[in-house]
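>>> Attaching a predicted model along with its sequence, questions to come.
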Amino acid sequence: MNINTNTTIKFAVTTALALAGAAAQAQSQVQVYGVVDAGIVAEYGTPTGTNTSVSGGIGYGSRLGFKGTEDLGNGLSAVFVVESGFAADTGTSTQGGRLFGRQVWVGLNGAFGAVSVGRQYSPYYKALADMADPFEDGYAGQAMNIMAGNRRMDNSVAYRTPAVAGFSAEVAYGAGEVAGDSTRNREMSGSVTWAPGPLMVILTHHRRDDALLPDHVTNTGAVVRYTIGPVIGRAAIVRNRGLAGDDSRDALLGLTYQSGPHRVMASAVHRDDRTAARRDARQFGVGYVYSLSKRTDLYTAYGHIDNDNGASYKVGNATDDGNGNAAFNLGMRHAF
């Protein structure tokens with residue numbers, strides 16, 4: 001009788017522990033992911049003529065990341081992302097050698113929306129790079145060769161609302177953390193999106209206070225995107241106000257065509273400098289991506305910039321600011 005009772009108890013305990021472990025695993029999930037991107041870059045119009053090199057992070061920044069979620073019950077979940085960037089051609093860290101330079105944040109998701117804290121992408125950047133730019137801030141034709149990126153915000157707190165009747169909004173505040181003056185070096189970014197269907201309209205604004213001077217830089221933009229079958233039409237206009245009276249306008253027109261494994265990208269960007277210097281610039285970019293699978297792409301792209309009156313904009317890619325006024329890319333991306 002005792003043996004049967006002990007056996008029953010042991011079986012019950014083992015079963016309970018197994019079920020508890022299974023439940024915990026079901027409620028908490030961690031995913032390892034990444035991108036390896038490398039290829040050949042030919043740059044033209046550099047100080048040394050034409051340069052050809054093997055490079056990493058051309059179309060997409062190579063990365064290794066961990067992201068997870070834990071179900072806290074009642075529709076609430078804890079989430080996190082820890083993501084490190086690296087150069088696929090040399091194996092070195094990117095983003096200035098930071099261990100997790102691409103992004104690292106923790107937050108909560110629920111019916112109220114989402115709150116996150118850490119180093120993360122600004123709402124302004126998401127509007128311009130993800131929605132307006134056909135090249136999505138990669139390849140030689142990316143709009144951020146000319147337009148302000150405002151990519152990441154350190155020491156930031158962000159809040160994203162749920163979508164209601166097609167409307168949603170996101171705001172972020174990045175503390176400057178300058179001793180004695182909380183206004184220095186801080187960043188504020190936000191966007192309001194209306195997306196009732198194939199049409200998407202975004203209004204966005206970003207402000208960055210100078211670390212030393214009582215002055216700031218602002219970028220205020222509007223993005224329009226429309227999807228018709230395999231075609232996505234994109235347009236954006238941005239007003240830039242900078243230090244010492246800098247004033248300019250940026251305009252972007254872009255197109256993406258997707259048919260099966262084929263994706264074609266094209267865009268034109270114009271910088272209208274409103275200061276006396278009139279340092280205008282114009283860029284044209286075209287690219288093609290062929291998907292070998294859901295995770296592996298082959299790509300090629302070309303970008304060219306015309307600078308006026310001493311303007312010095314360069315054709316870069318996802319992780320390189322570039323050295324010349326034109327560039328050709330040929331490469332491969334694999335996601336895992």
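Here it is on my side, so go on.

>>> only C-alpha atoms for contact and neighbour calcs from this point on.
Will do.

>>> Okay, now the sheet partners of the biggest strand by length in the chain, with direction.
The strand that spans the most residues within the chain, counting by DSSP state E, is strand 28-46. Using DSSP bridges, strand 28-46 pairs in its sheet with strand 49-56 (antiparallel), strand 63-73 (antiparallel), strand 326-335 (antiparallel).

>>> contacts for the longest one?
If I follow you right, that is strand 63-73. 27-36, 77-86, 102 (Cα atoms under 8 Å, 6 or more residues apart in numbering).

>>> Might you report the residue contacts of Thr92?
By Cα under 8 Å, 6+ apart, the neighbours of Thr92 are Phe86.

>>> Over to Met332?
Asp37, Ala38, Gly39, Thr296, Asp297, Leu298, Tyr299.

>>> count of neighbours near the third one?
A count of neighbours around Gly39, defined by other Cα atoms under 10 Å, yields 21.

>>> Then the last one?
Neighbours of Tyr299 under the rule other Cα under 10 Å: 20.

>>> thinking again about what came up before, out of the contacts of strand 63-73, which end up buried?
For the contacts of strand 63-73, a neighbour count by 16 or more other Cα atoms under 10 Å gives the buried set as 28, 34-36, 77-86, 102.

>>> Tell me where this protein has helices.
Per DSSP state H, the chain carries helices over the ranges 2-27, 123-125.

>>> packing partners for the last one?
Counting contacts by 3 or more Cα pairs under 8 Å, 6 or more residues apart in numbering; DSSP states H and E, helix 123-125 is packed against strand 167-174, strand 187-194, strand 199-209.

>>> my read: Ser93 touches Arg102, true?
No: between Ser93 and Arg102 there is no contact under Cα atoms under 8 Å: 10.3 Å.

>>> any residues in contact with both of the two?
Ser84, Gly85.

>>> And stretch 312-330, end to end?
With Cα to Cα, to the nearest Å applied, stretch 312-330 spans 24 Å between its terminal residues.

>>> Give the buried residues for that stretch.
Within stretch 312-330, the residues that count as buried by 16+ other Cα under 10 Å are 312-320, 322-330.

>>> Check stretch 148-164 too.
Buried residues in stretch 148-164, counting neighbours by 16+ other Cα under 10 Å, are found at 148-162.

>>> Can you tell me what sits against it?
For stretch 148-164, the external contacting residues (Cα under 8 Å, 6+ apart) are 103, 111-122, 124-125, 128-129, 168-176, 187, 206, 219.

>>> show me the contacts for the residue nearest to Met144 when sequence neighbours are not counted.
Counting by Cα to Cα, 6 or more residues apart in numbering, Met144 lies nearest to Asp137, which is 6.2 Å off, once chain neighbours are set aside. Asp137 sits next to Ala129, Asp130, Ala143, Met144, Asn317, Ala318 when contact means Cα under 8 Å, 6+ apart.

>>> okay, how far is it across stretch 175-183, tip to tip?
Note: stretch 175-183 ends 8 Å apart using Cα to Cα.

>>> same question for it, mean pLDDT?
Mean pLDDT, computed over stretch 175-183, is 93.

>>> And stretch 267-276, by the same measure?
Averaging pLDDT along stretch 267-276 gives 97.

>>> Return the distance of that stretch from the chain's centre.
23 Å (Cα atoms, centre = their mean, to the nearest Å).

>>> Name the residues that touch it?
With Cα under 8 Å, 6+ apart as the contact definition, stretch 267-276 has outside contacts at 133-134, 141, 143, 146-147, 245-255, 278-286.

>>> Just the buried residues of the residues you listed.
Here, 16+ other Cα under 10 Å leaves 133-134, 141, 143, 146-147, 247-255, 279-286 buried among the contacts of stretch 267-276.

>>> Inside strands: which ones of these?
Secondary structure from DSSP E places 247-255, 281-286 of the buried ones among the contacts of stretch 267-276 in strands.

>>> what number of residues lie near Thr90?
Thr90 has 10 nearby residues by other Cα under 10 Å.

>>> distance between the ends of stretch 233-247?
End-to-end distance (Cα to Cα), stretch 233-247: 27 Å.

>>> Sort out which residues of it are buried, please.
Those would be Gly233, Arg234, Ala235, Ala236, Ile237, Val238, Arg239, Asn240, Arg241, Asp247, for stretch 233-247 by 16+ other Cα under 10 Å.

>>> what's the average pLDDT for that stretch?
Mean pLDDT, stretch 233-247: 95.

>>> Let's see the pLDDT reported for the closest residue to Leu330 other than its chain neighbours.
The spatially closest residue to Leu330, leaving aside those adjacent along the chain, is Thr300, at 4.4 Å (Cα to Cα, 6+ apart). At Thr300, the pLDDT value in this model is 98.

>>> now do the one 5 residues further on
Each residue has a pLDDT score; the one for Ile305 is 98.

>>> residues contacting it?
Ile305 neighbours (Cα under 8 Å, 6+ apart): Ala281, Arg282, Gln283, Phe284, Tyr313, Lys314, Val315, Asn325, Ala326.

>>> can you list those residues in CSV and add distance to Asp215 and pLDDT?
Shown next, in CSV, are the contacts of Ile305 (distance: Cα to Cα, whole Å; pLDDT from 0 to 100):
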residue, distance to Asp215, pLDDT
Ala281, 25, 98
Arg282, 28, 98
Gln283, 30, 98
Phe284, 33, 98
Tyr313, 24, 98
Lys314, 26, 98
Val315, 29, 98
Asn325, 31, 98
Ala326, 34, 98
